[in-house]
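>>> only geometry, no sequence info:
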């Protein structure tokens, strides 16, 4: 079955440490997105990519980095510059026409 | 700036008690309005897309409607398994800059609890 796979499901980060969240899709979608979800707030866009080797900052990109070397993969690195990284992170993808997203199951990141 | 406001923030219903969720939006030309369902600890699951005022879509006990300024998600005779957070999102018309391509702007969601 086609879908989006995020891993790991739970991730713990120590202060000053970089961590990378994985996102892989086999839907042949062109666009991929990373969102952050905090309690009581809507999903906020971190980064998005429309094609391979190209990506744009979203509304809250500071402290995050991404790469898009393959169409299927869009990993997100949470760097030590992100001061409040504890959140639920969601990856999504869509066809180029942008008719709505398919979401992964999410990664919950906690700072310890 | 595109904005999406959902109300109420939380809704507690008895099984069989019908109700409606509201999604108010401001966007510079609506391309589409999306409804998603999200269970705790999981990613959102697509429900509906609405494209123009007057459009309606149904799925089991859920019915979504759209006007020029808001959308409603009606839950008819809900069951406990309808308990979830319902998210609304809007997509603006494509502009000539790549920044506006395909992005969804989400509301904060309405948490629905249906008790037996």
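Perfect, I can see it now. What you see is a predicted model, and the numbers here were worked out from it, not measured in a lab.
>>> Do a quick rundown of the strands in the chain.
Let's take chain A. Counting by DSSP state E, chain A has strands at residues A:4-7, A:10-13, A:19-25, A:31-37, A:44-51, A:54-57, A:64-66, A:76-78, A:87-94, A:102-103, A:107-111.
>>> that's the other chain; I wanted chain B
Using DSSP E, strands in chain B cover B:3-7, B:10-14, B:19-26, B:30-38, B:45-50, B:56-59, B:62-66, B:70-75, B:84-92, B:104-106, B:110-115.
>>> for chain A, what are the nearby residues on chain B?
Within reach of chain A by Cβ under 8 Å from any Cβ of the partner chain, chain B has these residues: B:4, B:9, B:31-32, B:34, B:36, B:41-46, B:49, B:87, B:89, B:91, B:94, B:98-99, B:101-109. Glycine gets a C-beta too; all of them are placed from N, C-alpha and C.
>>> Worst mean pLDDT across the helices and strands of chain B, which element?
strand B:104-106 (a mean of 89; mean pLDDT, DSSP states H and E).
>>> who touches residue A:86 in this structure?
A:109-111 (Cβ atoms under 8 Å, 6 or more residues apart in numbering or on different chains).
>>> one more time with 10 Å
The contact partners of residue A:86, by Cβ atoms under 10 Å, 6 or more residues apart in numbering or on different chains, come to A:12-13, A:38, A:108-112.
>>> tell me, which of these make contact with chain B?
A:38, A:108 (Cβ under 10 Å from any Cβ of the partner chain).
>>> and the closest residue to residue A:83 other than its chain neighbours, how many neighbours does it have?
Using Cβ to Cβ, 6 or more residues apart in numbering or on different chains and skipping the chain neighbours, the partner closest in space to residue A:83 is residue A:63 (6.9 Å). For residue A:63, the count of nearby residues is 15 (other Cβ atoms under 10 Å in any protein chain shown).
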